[in-house]
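Visitor: Here is a sequence together with a model predicted from it:
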Amino acid sequence: MNESFATWLLLAGPLWAAIGLYFLPRMAPKRKRDSAVSEHDLQAAGVVGGFALGPVGIGLFYLAPNLIRRFTLAAGITIAVFIAAQALVRVSDPNLPSALWLILAGPLWAGIASYFIPRRYRDAEAIDTNALTAAALGGFAIGPLIFGLTWKHTPRISREWIIVLGSLGAWQIYTLFAIHNATNPCVAAPFHLTYLTQQTANGVVIGSIYSLMAVGLTLIYSVQGVVSFAHGQLYMVGGYFSFYFLLHAGNILSELTGAEVSVNPIWGIPVAAVIVFIMGAVFERIFLKPMHEGLIERVSEYAILITFGFGFFLEYTTLAIAGPFPQRTNRFIEIRRFTLPRTQITDDFFFGPIHIIGDRAFAMVVGIVLIFALLYFLQRSWTGRALRATSQDRQAAAVTGINPTNMNTLSFALGSMLAAMSGAALIPIFNWVPWVGAEMVGRSYVIVVLGGLGSVPGALAGGVIVGIVEALGAGCHPDPSRGAAYKEAFALVIFALVLLLKPTGLFGREHN
Amino acid sequence: MKRKSLFIHCLVLIALIAVLPLSMVQADGHCEFAEDTVKIGGLVPLSAPGAVAGGIAMSWAINRAADDINADCGITIDGANHAIEIVIGDSEGSPERGQAVVERFILEDEVDAVTGVYHSAVGLATMSMLDENGVPTVFSEPWNDNVSANGIMEYDGRPPRNADGVDHVFRVSPASSMVGGVVVNWLIDLGVGNVVIIAENTDYGQPAAADEYARFEAAGATVTQINVELGTEDFVPILSRIQASAETPDVVRVLVTGETSFNLTQQMAELGIAPTEDTICVTNQVAFQSEQYWQNVPDGNYCAFNRVGIIPSLFSDTAVELNDAYFEEFEDIVPSYAMASYDAVFILADAIERAGSTSDGAAISAAIETTDLDLSQGRYYFEYGNHNPELPEGTPAFMWHQWPDPVVTMMQYFEQGQSSLDAAVIYPAVYQTHGTDYITPGSSP
Amino acid sequence: MMALFRRFETAIDNGIGRRRLSYLLIALIIAFFLWFPNDTSQSNYAKTVFISGFFYAIMSSSWALLAGIAGQFSFGHMAFMGIGAYVAGLIARDGITFALLGINITPESISAIGSIIIGTIAAGAVGLVIGWLLLRLRAAYLALFTIAFSELFRIMMLTEYDYTGGSNGLSLRPLLQIADVNVARQVEYYLMFALLIVCLLGLYWVANSPIGLFLRAMREDEDAASALGVNVVRYKILVFVFTSMIVGCAGAIFYSDVGSERIIPEQLEILQMSLIIAYAVIGGMESLIGAAAGAFISRYLLEAMRQVVITLPFGMTTADGSDAFVWDTGFWRFALFGVVMVFTLRYMRNGLLYPIITWFSGRDIAMKETVAIRESDDEHAARLETDDE
């Protein structure tokens, strides 16, 4: 593609967008319009339609103004992908019109489908909960075929649909990637299967520990409706409590026995858990409880700020006490790594070896055990059920004799405890400094939004997904020198896509 | 009632804290000091986002140097003893703050000289201000090639010089090109062909990586560079990528500092990438602090690292004393930037004494140029300056006012938990302690 | 003590009147700031401190408009500032070309002011996109996303070393080119002060305009506001873009060698953002001038608290013979700052300066009256009840 044509493509959009912004609200005939379509919708439609489809877009909205709401979203997605495609085509081989077509076809069909299909569902009075997401992903992955799947009987779209369609879309991106970047270890035979498995394993292992932390965050949200902005710092102090406990316990035992004794860091986990549980409970009683008693105006803002301030305090107090020097405890198990040996299947095809660091595997097991213990507690014990009941309906729960105030405290303390436990589980794996929570907590936010704010299974799945995406992103980025630096950015892309396509997340409850 | 007793408790506690210092021993005052002191400003990072650990060590070293000089009756000018007074300023690692602090040094504190600076960005931002105001300055840690006299003036092939014929900025830390040269020469001598460089994306990592990259290429090695973000904890994905590459690398060079470096090196060792029999692990000077190193990189045995400053077996009495004091304070081996900061104060004090004036910046700077002192890191002198203005062909411009021989050596651990004082020096050959230029993992020298 | 204050209060009320007194006070404060650089006993360093104080006052007062008045919790304020500064710097260095439109901005053809304007527009444009994406969702989403966004932006500025200079920072084109340092500092001081005043006026104008009233209405009850026909999302986006542009502009100007000669990615860390938030909270999130003053005062205190010197009484001396006990506070001062922030939020939601501001605006009289009326109503009702019996 030559330079001026590309410039033209980039420029045409904004021009038409400006024209659309000006004319569409003025031209669109009033009589054809629903009352639901406002000036603002028309302006947005003008910009987006003009940008994506030029005069065609503006004309379309002119003729059918009632279509605007859905279509604006679809066109918005198209724009995003269009720009991405532009960038991709320009950086990669410019002589591949078929690839351009492949890149463009997906988003186009996604746009078309995400307009028609949700509308079809509403007309048929079927459940349209996941229709938009499925339509966008389906249009992207299988093009017009998505209509065949949804049109006739408008079946209920389950999560499985979305997972299958999303995976298909991911597969397509992978294929395109393979065409463009044939030497990348993610696609270059004969290593790539081993390599992809290795990276996925890396992602799953670290993702399970991410989950543990995110579950705490989501638990607090589900009961209190509060996102804890101190979560990263609680994770950090959890690690430090474990560290200092092990240090002192080791010293005392050494003195008693007269030999060099070091305590296994697994014992740090319950210690950190207990201390932070109490810390969380006290903080909740003093600062969050008044919020539920109607003593505080504008609760959601207060909650963000007060937890944020708590985190600020924790971070600097730790810095003042522990200092900026990195610390680490001894390891869980004395096995450096587990290795799945290389298996030769045919002459050209082999699999492995795959390495997993021993301590990480152990921490993963700890994380999974703890999550299942929590799930068991939530499902089976009276208190756990009371917690869930409170998260579903406070008033009804209060009527049945559950004390919502205690449930609030319990949820915050439990959530904080989970953060501290993941901290204590990770301090043998990463070295610890007082600002260690910042990176981790950013990731937790992505996980809970991806899984659905307030959903425990969502946080579980989200953690693993984010782990895998980060591993694959860093492992497959076309430019190896940048892949690692942008590791956090891959999670952010997911964040943006989730907000655009399904703000309720994978497992979230519907809300407006 | 309860509240009142709590209040009283607090009061008692505060009173205790306040009285505590009284119980300490009175310092003996055998020196008679003149009224006016010599003020030396120490510009170090003491708050995030700066490298706080480095700043604390540097500020400790600067204060200790002043205490040591004062214990020896300070600076003697015309028979009068002048005590050194240290003013520490917090650069926070930010150029904007650094500039403000330097301005405060000059205008409010009226310092006679300045030392310190950890971050190159701070050095770059403050050096021209220091120079224009005629403040004799000895930088003790910024590594960027341009943090030197030639960065101040547009360098057009001539030695840089200020309008008044004097320039005031000196450096006793190495320029990153000087360090890169040693590492690359050592590895090329070992015959490596396939190199992976992992560099942090900062003003330290990127120029150093670019420099080493060019040197390796010039020597015919193939190089892959990977940039990482400081503060990253999990490097396994990118390390798996290295592991999956068709050819096993001969060497992995880590150009990352602080806790991030420890994370990276440890994960590298755990995954079995380096150090192995096939792959050499080369980390950087942070590994010299062996207590911290072994706590955070328990599997890092047989890693080599570059070390700036005199090798432990040649430590002078000053260096040993400094190291002991540092160990007492921080429970670790003294890092090179603390040594350099300690020495820088001595260089300044010596120059002030020789200049015979506490306030004549030009005279002091001229005196620094002719420094010849044996201090903790070795013999200090400045080869090129106004006293010797002709840089020979091929000498880089940063050598102007640069201490020419910060000893850069390669060292290697060969026993788990070994103190860096006992680690082997493997390169250059003249400093070798164990008669070998590389200890293969699993063996012992 | 209290009685003395009451008498003073009555005297003021009967004499000059609080409102007029407050105008007088504001005039005095402005006059002080205008006079300050002419005080020859002050060094240039004091001016530098003030210049960055003005900058942070702009940051935290605009954040107060966004968070305190419009109820939008953005952690991306510093990132927008960075966008303004980086775009201005990159345009002035590299220029930009749109071949088809015939627009060709070369580094030679663009002035420092031009680059600042482009930086401001860029910050606004990014604000528009983010606002459009997020402001229709709950408040928490904006907070979550902007944390992640500002991290991403910082990492990009660090990683794209070849373009942005990485952690060495990016030098912007100098806005003022004055050779004499003393004169330059004076001009920079007045420029930044003027910018603060203009920004405050702009922010107050928005806060008191119908838009500001709508914003407050929807902060209290979004559903009711939208039922009244207020297009909630549109106003939210408008304010978001407006504040983004203000901080973008402030950033582009501040780093054009007015307050600092280069911008570094470390400036965009969440830590810096949390300081801005803390300033605004302590000063008072619902009062723009309170937030601005909060930034000024907090920065001063944080600086002053680096070293706490306790002078010992009764001629006692410490070990090294001095008569004062010196404590280097290190990070404890930030920890203390965090405590102050949390307790301010809990017990003085409107900031520590709120009582002073309300006293001057005379709002506390109105409040007392309301309370009195309510009490008398209660008494009246009680009397009615007893009458019934």
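Guide: Done, it's in.
Visitor: Tell me the first helix or strand C-terminal of the biggest helix by length in chain A.
Guide: Secondary structure of chain A read by DSSP state H shows that its longest helix is helix A:192-224. Per DSSP states H and E, the first helix or strand lying C-terminal to helix A:192-224 is helix A:231-257.
Visitor: the inter-axis angle of whatever helix or strand comes next after that following helix versus helix A:231-257?
Guide: Using DSSP H and E, the next helix or strand after helix A:231-257 towards the C-terminus is helix A:268-283. Interaxial angle of helix A:268-283 relative to helix A:231-257 (axes from the mean of the first three to the mean of the last three Cα atoms, to 10 degrees): 130 degrees.
Visitor: Helix A:268-283: which residues count as buried?
Guide: With burial defined by 16 or more other Cβ atoms under 10 Å in any protein chain shown, the residues of helix A:268-283 counted as buried are A:Gly268, A:Ile269, A:Val271, A:Ala272, A:Ala273, A:Ile275, A:Val276, A:Phe277, A:Met279, A:Gly280, A:Ala281, A:Phe283. Quick note: C-beta positions are derived from backbone N, CA and C, even for glycine.
Visitor: Need these in a markdown table (columns: pLDDT).
Guide: As requested, those are arranged in a markdown table below (pLDDT from 0 to 100):
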| residue | pLDDT |
| --- | --- |
| A:Gly268 | 94 |
| A:Ile269 | 95 |
| A:Val271 | 95 |
| A:Ala272 | 96 |
| A:Ala273 | 96 |
| A:Ile275 | 96 |
| A:Val276 | 96 |
| A:Phe277 | 96 |
| A:Met279 | 95 |
| A:Gly280 | 95 |
| A:Ala281 | 96 |
| A:Phe283 | 95 |
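Visitor: And the residue of chain B closest to chain A?
Guide: B:Glu259 (3.5 Å; Cβ to the nearest Cβ).
Visitor: any idea how far that residue lies from chain C?
Guide: 16 Å (Cβ to the nearest Cβ, to the nearest Å).
Visitor: my guess is that residue meets A:Asn431, correct?
Guide: Yes. Contact criterion Cβ atoms under 8 Å: B:Glu259 and A:Asn431 qualify, at 5.0 Å.
Visitor: Spit out the residues that contact those two alike.
Guide: Taking Cβ atoms under 8 Å, 6 or more residues apart in numbering or on different chains as the criterion, B:Glu259 and A:Asn431 both touch A:Pro326, B:Asn296.
Visitor: quick one, what contacts the residue lying closest to A:Leu314 once chain neighbours are set aside?
Guide: Computed as Cβ to Cβ, 6 or more residues apart in numbering or on different chains, the closest residue to A:Leu314 that is not its neighbour in sequence is A:Gln233, at 4.0 Å. The neighbours of A:Gln233, taking Cβ under 8 Å, 6+ apart as the test, are A:Phe310, A:Gly311, A:Phe312, A:Leu314, A:Glu315, A:Thr318, A:Gly437, A:Val441.
Visitor: between these, which is nearest chain C?
Guide: Within those, proximity to chain C (Cβ to the nearest Cβ) peaks at A:Phe312, which comes in at 4.1 Å.
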